[in-house]
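Participant: Provided below for reference: sequence and predicted model.
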Amino acid sequence: VKPSTLNHPLPTESETECKYPMTNTTSSPSHFEYCQYSDKSNHIEYKSKIYYQYHHKLYQKCFENSQLYPMGKQTPILLIFPTFAGDSVSAPTRLICKYFVARNWRVIVYVKRGCGSFTKSEFLPLTTLKPFCLHGQKDYDVIINLIQSRYPLAPKLLMGLSGGGAYVQSILGNRKYDGIFCGGIKIDAGMDFVVECGDIDQRQPFIANVLGQFFDVHVTKCRKHKEKEGILEKDKYYKLFKWKEIDGFNEGLKGLKWSMSKFVSCCYGFGDDIDRYLEWAKPGDLQDINAPFLILDTLNDFMRNSEHICSDFSDRNDNIIHVINKRGAHCIRREGLFGHKCWISRIAFMFADCVVRQQLINNKK
């Protein structure tokens, strides 16, 4: 819904400081625990990082610490899909987690299989040569069902940064998930993978090559492990790779689309036809979204073409609010005299708080 159609005004910054009842906290930092799921028969893996506030009884299982929240199992949940291959350690994700947790939300960061490369504790190694998919529904469906089964009454909101934003758009537009999520936020994420990946290759060839090497590094690790164990050829994806072309990967800048054509599209039935794979994996249609959806973009995004940012997506669906900043880097907006405050965190929380309060009002009717 548009802000003007809400039954209550948007909260001010002072109001957002303590919108939900707080526990007895100290000055100690927020804590977290990991929750890992693995289904090797279906090649599904994920590792989520669940944040929770500091408390004397913090040594609880990540999904069993409801007593730490005054709202119990109805405590709002923010599910974050980080950047292309990111995790919770990257600065934008970390700042958002800190902001929401301080306001008594549960925050879960979804780390795709083969990702979490910033720290060893978050890295989720591949157990099969098949890397994660840009479409990703088979994987994220597991954690959504798990969260919903354990917290059916909790208001849930989605957030996606960069590549993770495509997941949010697809989930909110999928009737399968109707009633589970009350809204979503997409930050600096493209609408068309074919166009966006091409832009990255052209505008930022070095970054495109680094992202491409990500697949090479983790698939190669899995390959060497299976070779050592003598089970490489038993992996059903082994024959789908063109290993001679892959082995020469580091000879020059190949680009993101080339890398994905060698490591990703072949595992999902598209051979090396990367454009056809990207067309299949692109986010769902904006017209299908039936929940409040905030899109944040910046004209100063070095990863994207400004021509693709300036489209007014709010005209396609009354549920969409599209905000375009003149300044700010990719997934980063800072404010304050020295730029120490995260503008994205504050605006995202204002939107999330408003959406959750509206849902609570609707539930009482």
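Facilitator: Thanks, I have the structure now. Residues are numbered from 1 along each chain as shown.

Participant: centre-most residue in this protein?
Facilitator: Note on the chain: the residue nearest the mean C-alpha position is residue 81, at 1.2 Å, using CA atoms, centre = their mean.

Participant: what about the residue lying closest to residue 169 once chain neighbours are set aside, which SS state?
Facilitator: Using CB to CB, 6 or more residues apart in numbering and skipping the chain neighbours, the partner closest in space to residue 169 is residue 283 (4.0 Å). To be clear about C-beta, it is placed using only N, CA and C from the backbone, and glycine gets the same treatment. The three-state assignment at residue 283 reads coil, by DSSP: H, G, I helix; E, B strand; the rest coil.

Participant: who's the residue nearest to the centre of the chain bridged to?
Facilitator: residue 160 (DSSP bridges).

Participant: that one touches residue 110, doesn't it?
Facilitator: Yes: using CB atoms under 8 Å, residue 81 makes contact with residue 110 at a distance of 5.2 Å.

Participant: any shared contact partners between the two?
Facilitator: The contact sets of residue 81 and residue 110 overlap at 140, 164 (CB atoms under 8 Å, 6 or more residues apart in numbering).

Participant: is residue 109 in a helix, a strand, or coil?
Facilitator: At residue 109, secondary structure determined by three-state DSSP is strand.

Participant: what helix or strand does the closest residue to it other than its chain neighbours sit in?
Facilitator: Excluding its sequence neighbours, the residue lying closest to residue 109 (CB to CB, 6+ apart) is residue 88, at 4.0 Å. In this assignment (DSSP states H and E), residue 88 forms part of neither any helix nor any strand.

Participant: give me the neighbour count for residue 88.
Facilitator: Residues contacting residue 88 under the criterion other CB atoms under 10 Å number 25.

Participant: tell me how far residue 88 lies from residue 330.
Facilitator: For residue 88, the distance to residue 330 equals 18 Å [CB to CB, to the nearest Å].

Participant: what does the strand or helix carrying residue 217 contact?
Facilitator: Using DSSP H and E, residue 217 maps to helix 205-229. Identification of contacts with helix 205-229 by CB under 8 Å, 6+ apart yields 84-85, 114, 117, 125-129, 131, 200-201, 232, 234-235, 241, 246, 249-250, 253-256, 258-260, 262-264, 303.

Participant: mind listing what's buried along it?
Facilitator: Residues 208-209, 211-216, 218-220, 222-223, 226 are the ones in helix 205-229 that count as buried (16 or more other CB atoms under 10 Å).

Participant: now do stretch 238-258
Facilitator: Buried-residue list, stretch 238-258, by 16+ other CB under 10 Å: 240-241, 246, 249, 254-258.

Participant: which of those lies closest to residue 340?
Facilitator: Nearest to residue 340 among the buried residues of stretch 238-258, counting by CB to CB, is residue 256 at 32.5 Å.

Participant: was I right about that closest one contacting residue 203?
Facilitator: No: when contacts are counted by CB under 8 Å, residue 256 is not listed as touching residue 203 (11.2 Å).

Participant: just to revisit the earlier point, which of the buried residues of helix 205-229 sits closest to residue 318?
Facilitator: The closest of those to residue 318 turns out to be residue 211 (CB to CB; 35.0 Å).

Participant: helices along the chain, start to end?
Facilitator: Along the chain, counting by DSSP state H, helices occupy 91-101, 137-150, 165-172, 193-203, 205-229, 243-247, 256-263, 274-281, 306-309, 343-364.
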